[in-house]
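Asker: 3D model of this:
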Amino acid sequence: MISDKRKTIYLIILLSVCIVILLILMMNMGVDQTPHAEPVAQDEVIMQDDSPVTDSNVVEGSNQGLETLDEPIASEESDEVVLQHIPGDVWKAAFDTYEKEHNAAETIEAVMPQITANSENEAELNANLSAMESFFSYWDNANEKDFVNMGELTDDLPDDNSLCIVILGFSLSPSGEVKDELLCRLDAGIEAAEKYPNAYILVTGGGTALMAPSVKEADKMAEYLIEKGIDPSRIIVENESLSTSENAVYSERIIRNNYPKIRDIFIVTSDYHVPMACSIFNGWFIMMNSDLKVISNYACDPGSLVTFKIKDQVYWMKELLYFYTA
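Answerer: Numbers count the residues shown, from 1 in each chain. Next up, the predicted model:
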């Protein structure tokens, strides 16, 4: 038989085991009955985490709570577009080089040290090189034989008011009359205007009549277009410029200040004038960090034997620097 002392020990052990089991059960019940903590809002998580958020679900969830924040959540990566900032003397050096080399690649290589020295950081250096490449590659292309479009208008231009047909002026007679070559350009411009009826038409040219300085090329051009049935509301008049470079500078200012929907420029002028005019206009847009661009051209044949060589084009390109550095 088990002694009373041993019974007592067994009873104590059994009781201890029961107590331990009871405590374990109570602890489990306590965990289950404790209220769950509120989940941390995802936008709060993002504010605490300095690393970029890449999970699309987290980004979507965080956007739902942005209206409750005093400050928007900023991304570590800036979306700011770095623009070209090339000094005028670097452009001049590039023009001088192109006059000798007639080649974009060699021109950029020649002025690379100056571009690098005038760039504050790698992003600006890339922007400056991109601008130079766009500028002189376009100039290369403009001097290719197949650059000038004559006889048939292209079919693939924007058919809305983001397109602007720019008709370049030509010197008036001493008394202020329109010469045949200007009529040639205007008739080509009317062809383009009829094919693209939603486009604006910009006429550009100032007072070139020796005996009638108050008579302006662009004003006479606008009168002619209206007589031929062009809606006056489509016509933009720039009547102060006296050269192709000024045509580009003053036209760009008018478009940017008053016609923000315009993006694409379609140059109309005499056949020999197209390469220089397109290069000057598109070059000026690049120099000014403008969102305008020359996308096509259309030429009339005035029967003139005039030609412009690279040195002539450089001369007028350099005139742009007066406005660029002013």
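
Asker: from here on, contacts and neighbour counts on C-alpha atoms
Answerer: Will do.

Asker: Ramachandran angles for the residue positioned nearest the centre of the chain?
Answerer: Nearest to the geometric centre of the chain sits Asp291, at 3.6 Å (Cα atoms, centre = their mean). Summarising the backbone geometry of Asp291 under the convention degrees, to the nearest 10, its torsions are phi -90, psi 0.

Asker: Give the buried residues for whichever helix or strand Leu182 is part of.
Answerer: Secondary structure here is read from DSSP states H and E; on that basis Leu182 sits in helix 180-195. By neighbour count on 16 or more other Cα atoms under 10 Å, the buried set for helix 180-195 is Glu181, Leu182, Leu183, Cys184, Arg185, Leu186, Asp187, Ala188, Gly189, Ile190, Ala192, Ala193.

Asker: could you measure the fourth one against Thr269, distance?
Answerer: Distance from Cys184 to Thr269, counting by Cα to Cα, to the nearest Å: 8 Å.

Asker: how about the helices in the stretch 101-250 of the chain?
Answerer: Listed from the start of the chain, the stretch 101-250 of the chain has helices (DSSP state H, counting those that start in this stretch) covering 104-117, 122-142, 180-195, 217-227, 244-258.

Asker: Using TSV, please lay out those helices together with distance to His85.
Answerer: Compiled in TSV, those are given as follows (distance: least, Cα to Cα, whole Å):
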stretch	distance to His85
helix 104-117	9
helix 122-142	6
helix 180-195	35
helix 217-227	33
helix 244-258	18
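
Asker: so can I have a markdown table of those showing mean pLDDT?
Answerer: Written out in a markdown table, the entries for the helices of the stretch 101-250 of the chain read as follows (pLDDT from 0 to 100):
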| stretch | mean pLDDT |
| --- | --- |
| helix 104-117 | 97 |
| helix 122-142 | 97 |
| helix 180-195 | 98 |
| helix 217-227 | 98 |
| helix 244-258 | 98 |
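
Asker: Distance check, the closest residue to the residue nearest to the centre of the chain other than its chain neighbours against Leu163.
Answerer: Once its chain neighbours are removed from consideration, Asp291 has its nearest residue in Arg263; the separation is 6.5 Å (Cα to Cα, 6 or more residues apart in numbering). In this view, Arg263 and Leu163 are 6 Å apart by Cα to Cα.

Asker: And Tyr250, by the same measure?
Answerer: Distance check for Tyr250 against Leu163: by Cα to Cα, it reads 18 Å.

Asker: Neighbour count for these two, which is higher?
Answerer: For the pair Tyr250 and Leu163, the greater number of neighbours falls to Leu163 (23 against 17), based on other Cα atoms under 10 Å.

Asker: any idea which helix or strand carries Val294?
Answerer: Assigning secondary structure by DSSP H and E places Val294 in strand 293-300.
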